[in-house]
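**Q** Attaching a predicted model along with its sequence, questions to come.
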Amino acid sequence: MAGAGSIPIVLVGAQEFSTVYKAPARNVAQWIQRGVLDYSEAVIVSGRAYWPIGAAVAFGESTDRGKTPDMTYVEQLVAEQAPGRSVKAALAVRAADLPPIVGSQEIMALTGEDPVKAFPPLTIAVKGGVFTEPDWQLSRSPLWLLPNALAGLDRMRERPRSRPLVVIPEVLKALESGTYDGPGSQILSRGKQSEG
């Protein structure tokens with residue numbers, strides 16, 4: 001599935017994070033609200049947090065009540081997202097080790113497209129095989145490694161359109177350097193942008 005060179009990238013969104021602890025999905029939001037969990041080891045993509053599996057597993061050790069992760073589920077995630085890689089190697093990956101990862105909002109920002117108008121065609125393009133398949137489908141959201149998203153844009157450019165898709169160099173550079181602060185770069189909270 002997803003991989004960048006030699007690091008096994010295994011990510012969890014809020015739904016998968018809660019499943020690591022056999023907890024209801026709402027618990028992740030509650031842990032964040034109580035300050036037990038934060039975004040310091042997460043990447044923010046399209047307004048949502050995604051944690052490397054190592055950060056999710058380490059979370060259990062950092063709580064006062066000592067939560068025990070479901071290592072069978074963790075092993076399953078590693079097998080699905082980083083086939084052939086060891087759980088130990090996947091647990092060692094931290095957010096700072098991750099390559100650029102994008103979602104629908106970042107892809108729209110890359111091309112200057114209106115996300116409201118462009119999202120349905122992107123979804124249709126993915127389902128129709130015109131755009132590259134997501135590297136991850138986490139918490140019902142598609143995520144891509146940046147080079148794979150760029151390849152998807154190249155594939156879309158090959159299709160007849162009324163207007164060509166052009167990648168905005170400044171947005172690409174910000175995504176590559178980890179300085180992107182456009183749409184999707186902050187956590188969405190109750191439909192509003194909030195500090196992430």
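**A** It's in. Numbering: from 1, shown residues only.
**Q** So what does residue 21 look like in phi/psi?
**A** Phi and psi for residue 21, reported as degrees, to the nearest 10, are phi -110, psi 20.
**Q** Can you tell me the closest non-neighbouring residue to it?
**A** Closest residue in space to residue 21, ignoring its immediate chain neighbours: residue 67 at 5.1 Å, by Cβ to Cβ, 6 or more residues apart in numbering. Where C-beta positions appear, they are placed from N, C-alpha and C, glycine not excepted.
**Q** and what of residue 167?
**A** Counting by Cβ to Cβ, 6+ apart, the residue nearest residue 167 is residue 110, at 5.4 Å.
**Q** now swap in residue 81 and tell me
**A** Per Cβ to Cβ, 6+ apart, closest to residue 81 is residue 10, 4.5 Å.
**Q** How about residue 184?
**A** Per Cβ to Cβ, 6+ apart, closest to residue 184 is residue 105, 3.1 Å.
**Q** can you tell me how far that neighbour sits from residue 70?
**A** According to Cβ to Cβ, to the nearest Å, residue 105 stands 31 Å off from residue 70.
**Q** what do you get for residue 92?
**A** For residue 92, the distance to residue 70 equals 19 Å [Cβ to Cβ].
**Q** Who are the contact partners of the nearest residue to residue 12 once chain neighbours are set aside?
**A** Of all residues not flanking residue 12 in the chain, residue 56 sits nearest, at 5.0 Å (Cβ to Cβ, 6+ apart). Residue 56 makes contact with 12, 16-17, 20, 69, 74 under the criterion Cβ atoms under 8 Å, 6 or more residues apart in numbering.
**Q** that's a strand at residue 56, yeah?
**A** No: under DSSP: H, G, I helix; E, B strand; the rest coil, residue 56 sits outside any strand and is assigned helix.
**Q** In stretch 91-100, which of the residues would be classed as buried?
**A** For stretch 91-100, the neighbour count (16 or more other Cβ atoms under 10 Å) marks 91, 93, 95, 98-100 as buried.
**Q** now those as CSV including secondary structure, pLDDT and distance to residue 43?
**A** Putting the buried residues of stretch 91-100 into CSV (DSSP: H, G, I helix; E, B strand; the rest coil; pLDDT from 0 to 100; distance: Cβ to Cβ, whole Å) gives the following:
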residue, secondary structure, pLDDT, distance to residue 43
91, helix, 96, 17
93, coil, 96, 11
95, helix, 94, 6
98, coil, 95, 6
99, coil, 96, 10
100, coil, 96, 9
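**Q** if we can go back for a sec, surely the residue nearest to residue 81 is in contact with residue 92?
**A** No: in this structure, residue 10 is not within contact of residue 92 by Cβ atoms under 8 Å, at 10.7 Å.
**Q** How much space separates residue 37 from residue 17?
**A** Separation of residue 37 from residue 17 (Cβ to Cβ): 8 Å.
**Q** Compare neighbour counts for these two and give me the winner.
**A** Set residue 37 next to residue 17 and count neighbours by other Cβ atoms under 10 Å: residue 17 wins out with 27 against 24.
**Q** What helix or strand is the more buried one located in?
**A** Assigned by DSSP states H and E, residue 17 belongs to helix 14-20.
**Q** Before I go, just wanted to say thanks for your time.
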